[in-house]
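S.K.: no sequence on this one, just coordinates:
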């Protein structure tokens with residue numbers, strides 16, 4: 001007797017799926033039995049390489065790439081439209097898109113960069129969720145996963161602007177979960193701290209201020225510093241039937257850095 005993979009037959013759409021956390025989650029969905037997978041990212045060359053890297057794993061999954069910016073209306077709509085055109089439905093939508101700002105003390109951040117930073121982070125979760133919601137409501141089912149960070153829960157020097165946007169993602173996801181539950185749609189948020197093995201990790205550790213901040217955080221991760229595959233495992237669980245009763249939650253995976 002064979003055991004069915006937890007995401008067997010599912011169609012997954014991943015914004016920010018061409019690298020880092022998004023690509024790891026996409027791979028997790030594929031390995032958990034997803035039937036089709038659509039990656040959304042801004043850079044075509046990187047996107048096609050990411051899609052090919054997943055196809056090369058040899059799983060029976062239709063993997064495609066669509067160019068688009070999750071933090072724009074056109075990019076968010078394009079991902080949903082192209083997925084529905086190709087596969088007729090969207091069962092899982094995850095967005096880890098929205099930019100990668102480096103922490104900085106508030107008074108040092110140029111005033112004209114404050115709104116773009118918040119908009120880029122927040123809209124990268126809000127717009128894809130809003131775009132896919134009508135499709136999932138019509139299906140009477142689906143899973144929406146957003147990615148924020150522990151900055152949404154813990155006030156940290158240098159993360160006033162980042163934390164504001166991350167808190168916005170968390171509260172948006174919670175509100176969405178309450179609104180959508182009657183349509184069988186679940187929504188949850190992943191909130192990691194530092195994630196080793198991503199391009200953003202390298203950027204953060206190259207900056208003197210953020211390196212000091214996150215090296216201290218790493219020293220508190222007694223269970224080990226989180227890597228992308230740890231978040232992928234959490235995303236697969238939340239997208240699976242095992243998490244049918246879980247919605248509206250912001251779940252931290254941080255190796256013990258905090259109990260946020």
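M.R.: That came through, no problem. This structure is a prediction, so every number in the text was calculated from the model and none was measured. Numbers count the residues shown, from 1 in each chain.

S.K.: and the most centrally placed residue in the chain, what is it in contact with?
M.R.: Central residue of the chain (CA atoms, centre = their mean): residue 96, 2.7 Å from the mean position. Neighbour list for residue 96: 14-17, 20-22, 25, 147 [criterion: CB atoms under 8 Å, 6 or more residues apart in numbering]. C-beta here means a position set from N, CA and C on the backbone, and glycine is covered the same way.

S.K.: now do the same for it: its pLDDT.
M.R.: Residue 96 is assigned a pLDDT of 95 by the prediction.

S.K.: which residues in this structure form helices?
M.R.: Assigned by DSSP state H, the chain shows helices spanning 20-31, 44-55, 73-87, 111-139, 160-180, 199-206, 208-219, 228-239.

S.K.: what is the orientation angle of the last one with helix 20-31?
M.R.: Okay, so that is helix 228-239. 60 degrees (axes from the mean of the first three to the mean of the last three CA atoms, to 10 degrees).

S.K.: how about residues contacting helix 228-239?
M.R.: By CB under 8 Å, 6+ apart, helix 228-239 touches 6-7, 10, 12, 20-21, 23-25, 27-29, 32, 92, 94, 143, 145, 147, 186, 188, 190, 192, 195, 197-198, 243, 246, 251, 253.

S.K.: what are the buried residues along stretch 127-141?
M.R.: 127-133, 135-137 (16 or more other CB atoms under 10 Å).

S.K.: any idea how far that stretch is from the chain center?
M.R.: 16 Å (CA atoms, centre = their mean, to the nearest Å).

S.K.: what does stretch 148-161 give?
M.R.: 17 Å.

S.K.: now that stretch: buried residues?
M.R.: Residues of stretch 148-161 classed as buried: 148-154, 156, 158-161 (neighbour count, 16+ other CB under 10 Å).

S.K.: please tell me how far the nearest residue to residue 200 once chain neighbours are set aside sits from residue 21.
M.R.: In this structure, residue 200 finds its nearest non-sequential neighbour in residue 100, 4.5 Å apart by CB to CB, 6 or more residues apart in numbering. Using CB to CB, to the nearest Å, one gets 11 Å for the distance from residue 100 to residue 21.

S.K.: got a list of what the closest residue to residue 114 other than its chain neighbours touches?
M.R.: Among residues not flanking residue 114 along the chain, residue 161 sits closest, at 5.9 Å (CB to CB, 6+ apart). Going by CB under 8 Å, 6+ apart, residue 161 touches 101, 106, 109, 114, 117-118.

S.K.: can you put those residues in JSON lines and add pLDDT and neighbour count?
M.R.: Putting these into JSON lines (pLDDT from 0 to 100; neighbours: other CB atoms under 10 Å) gives the following:
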{"residue": "101", "pLDDT": "90", "neighbour count": "21"}
{"residue": "106", "pLDDT": "96", "neighbour count": "11"}
{"residue": "109", "pLDDT": "96", "neighbour count": "16"}
{"residue": "114", "pLDDT": "96", "neighbour count": "14"}
{"residue": "117", "pLDDT": "95", "neighbour count": "19"}
{"residue": "118", "pLDDT": "96", "neighbour count": "19"}
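
S.K.: could I get these in CSV, plus columns for distance to residue 81?
M.R.: Formatted as CSV, those follow (distance: CB to CB, whole Å):
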residue, distance to residue 81
101, 29
106, 39
109, 36
114, 32
117, 28
118, 27
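
S.K.: I'm done for today, thanks for sticking with me.
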